[in-house]
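Chemist: Here's my sequence, what's the structure:
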Amino acid sequence: MADILQVSSSAKSILRRLRSAESLIDGCAFVTRDGVVVASEFDQSANSNRLGAMCATLLALAQRTVMEVKKGELAQLIVDGTSGLMIISPAGSGILAVVANRKVKLGLLILEAKKASKEFEKIEAS
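Modeler: Numbers count the residues shown, from 1 in each chain. Sure, this is the predicted structure:
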């Protein structure tokens, strides 16, 4: 993996692009599989450290569940709340978490999250 400072800077850029691609995205973060936040784009009301830890736990459980029922590899986990959506997906050796308003088009959100995940894979490879 590339230098952590370089990854953090690149991750922040990717998250900014992701958030600007869809106005209904409330925030996003790139997190290690251990739940450590590398970069985030959330307003002050969100505790990104707590969110990172919860996302890592959720992703690990979802991956084990998909394996248990023999459905291949986890593509993403969608959390559907009454006020909004959250997508948690593998992004290279890390995790991408995206929180969006309920009015967002889910297909567009998934597409933008996949594009961002591929960008994270590229920065890790360099």
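Chemist: Going by C-alpha atoms from here, please, whenever you check contacts or count neighbours.
Modeler: Noted.
Chemist: host element of the residue nearest the centre of the chain?
Modeler: Taking CA atoms, centre = their mean, the centroid of the chain lies closest to residue 96, which sits 1.6 Å from it. For residue 96, the enclosing helix or strand under DSSP states H and E is strand 94-101.
Chemist: Looking at the helix or strand following that strand now, give me its mean pLDDT.
Modeler: For strand 94-101, the succeeding helix or strand toward the C-terminus, using DSSP H and E, is helix 106-125. Mean pLDDT, computed over helix 106-125, is 92.
Chemist: For helix 106-125, buried residues please.
Modeler: With burial defined by 16 or more other CA atoms under 10 Å, the residues of helix 106-125 counted as buried are 109, 110, 112, 113, 114, 116, 117, 119, 120, 121, 123, 124.
Chemist: Using a markdown table, lay out the residues you listed together with distance to residue 59.
Modeler: Putting the buried residues of helix 106-125 into a markdown table (distance: CA to CA, whole Å) gives the following:
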| residue | distance to residue 59 |
| --- | --- |
| 109 | 18 |
| 110 | 16 |
| 112 | 19 |
| 113 | 15 |
| 114 | 15 |
| 116 | 17 |
| 117 | 14 |
| 119 | 19 |
| 120 | 17 |
| 121 | 17 |
| 123 | 21 |
| 124 | 19 |
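Chemist: what's the closest of those to residue 81?
Modeler: Each of the buried residues of helix 106-125 was checked against residue 81 using CA to CA; the closest is residue 109, at 15.0 Å.
Chemist: Show the contacting residues for the closest one.
Modeler: When contacts are counted by CA atoms under 8 Å, 6 or more residues apart in numbering, residue 109 touches residue 22.
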